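> Take this sequence and fold it.
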Amino acid sequence: MPTPAYDDPTAWFDAWFAEASQKISPEPNAMTLATVDDTGQPSIRVVLLKEWDADGFVFYTNRDSRKGEHLARNPAAALNFYWRELGRQIRIEGPVHPVDDAQSDRYFASRARMSQIGAWASEQSRELDDWTTFAERVKRYEAHFEGRVVDRPPHWGGYRVVPQRIEFWESGEFRLHERWEFRRESGPWSARMLYP
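Residues are numbered from 1 along each chain as shown. Presented below is the predicted three-dimensional model:
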């Protein structure tokens, strides 16, 4: 029976991500995030992976945004990394948990100052009557924080997608792709090969 390249999907992700980081520019950490609203309607968008380890994959956002509202009601998500230049993709599914305030504070402090200001100024996913309204909000928060550290807004923070399913897909000639799926509910991962 064939065996996967790695017994641990985290090690496999590390290897593929390292290669993508060397060969793909910009933003090899761009990933599609899928959430579902309370009627069952899915929604997708591209966000950036900022941290990961064996416990999951972390991204940051305005928690009052549409995605934040979805996750408050249905705390589960799917992620997809697609690196066309490498002929590879990674699919991840699992429950989602907010990261703690200390972790969100650390990441927020590492952001560019104008990105920090933008997090205060943007009412993400809400209707905007005119771009000048947003520009004025940016100026207002620039003035508010002038000469001091920009604190993290209380509505802004991270989410961790805890993987229960991870699939590694590598393209093959004539659409004869190689696919490996890892699954776990609790305990160790189990792996199986899938038809393309």
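
> only C-alpha atoms for contact and neighbour calcs from this point on.
OK.

> Mind listing residues that contact the strand or helix carrying Met114?
Assigned by DSSP states H and E, Met114 falls within helix 113-121. For helix 113-121, contacts defined as Cα atoms under 8 Å, 6 or more residues apart in numbering pick out Asn62, Phe108, Phe134, Arg137, Val138, Tyr141, Glu142, Val150, Arg152, Pro153, Trp156.

> Looking at these, which are in helices?
Judged by DSSP state H, helices contain the following of those: Phe108, Phe134, Arg137, Val138, Tyr141, Glu142.

> Of all pairs in those, which one is the farthest apart?
Phe108 and Phe134 (20.7 Å; Cα to Cα).

> So which of those two has more stuff around it?
The neighbour count for Phe108 versus Phe134, taken as other Cα atoms under 10 Å, is higher for Phe108 (22 against 16).

> could you list every residue that touches the more buried one?
By Cα under 8 Å, 6+ apart, the contact list for Phe108 reads Gln116, Arg152.

> ok so, going back, please indicate which of the contacts of helix 113-121 are buried?
The neighbour count (16 or more other Cα atoms under 10 Å) marks Asn62, Phe108, Phe134, Arg137, Val138, Tyr141, Glu142, Val150, Arg152, Trp156 as buried among the contacts of helix 113-121.

> Please identify which of those residues is nearest to Phe13.
Lowest distance from Phe13 to these (Cα to Cα) belongs to Phe108, with 24.9 Å.

> Okay, that closest one and Thr32: tell me how far apart.
21 Å (Cα to Cα, to the nearest Å).

> And Ala78, by the same measure?
From Ala78 to Thr32 the distance is 8 Å (Cα to Cα).

> When those two are compared, which one has more neighbours?
Taking Ala78 and Thr32 together and counting by other Cα under 10 Å, Ala78 has the greater number of neighbours (22 against 17).

> Skipping its backbone neighbours, what lies nearest the more buried one in space?
Excluding the flanking residues, the one nearest Ala78 by Cα to Cα, 6 or more residues apart in numbering is Glu93, at 4.4 Å.

> Can you show me the helices along this structure?
Using DSSP H, helices in the chain cover 9-23, 66-73, 101-110, 113-121, 131-144.
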